[in-house]
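Asks: dropping a prediction and its sequence here:
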Amino acid sequence: MGHNYAKPLTVEARMERILSRLPSDWGVRMERLDGADWHVWMKRPDGMEQQIAAPVLVDALEEVWRALR
């Protein structure tokens, strides 16, 4: 009997998913200086903001989004 396991999302699919879920009124800034980790800043309209750094951009985006939602 086979099992129906979900395939893990690709980096591209994860990026598309997180960007499609960001509210349009949130501020977002992403940067990477001199090959270092990605830094992602997000700010909600109520002024709450969060910054996270990670070696992979989509990981940083997901972490900061989860921290603010």
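Replies: Yep, that arrived.

Asks: and the strands in this protein, which stretches?
Replies: Secondary structure of the chain (DSSP state E): strands located at 27-32, 38-43, 49-54.

Asks: comparing those strands, which comes out most buried?
Replies: strand 38-43 (a mean of 19; mean count of other CB atoms under 10 Å). For every residue, glycine as well, the C-beta is placed using N, CA and C.

Asks: and that strand, which strands flank it?
Replies: strand 27-32 (antiparallel), strand 49-54 (antiparallel) (DSSP bridges).

Asks: that older thread, can you lay out the strands of the chain as a markdown table showing distance to residue 16?
Replies: Formatted as a markdown table, the strands of the chain follow (distance: least, CB to CB, whole Å):
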| stretch | distance to residue 16 |
| --- | --- |
| strand 27-32 | 15 |
| strand 38-43 | 16 |
| strand 49-54 | 18 |
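
Asks: what about the spatially most central residue of the chain, distance to residue 5?
Replies: Nearest to the mean C-alpha position of the chain, by CA atoms, centre = their mean, lies residue 61 at 1.6 Å. Taking CB to CB, to the nearest Å as the measure, residue 61 falls 25 Å from residue 5.

Asks: tabulate the strands paired with strand 38-43 (TSV), appending distance to residue 65 and mean pLDDT.
Replies: Shown next, in TSV, are these (distance: least, CB to CB, whole Å; pLDDT from 0 to 100):
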stretch	distance to residue 65	mean pLDDT
strand 27-32	9	96
strand 49-54	9	96
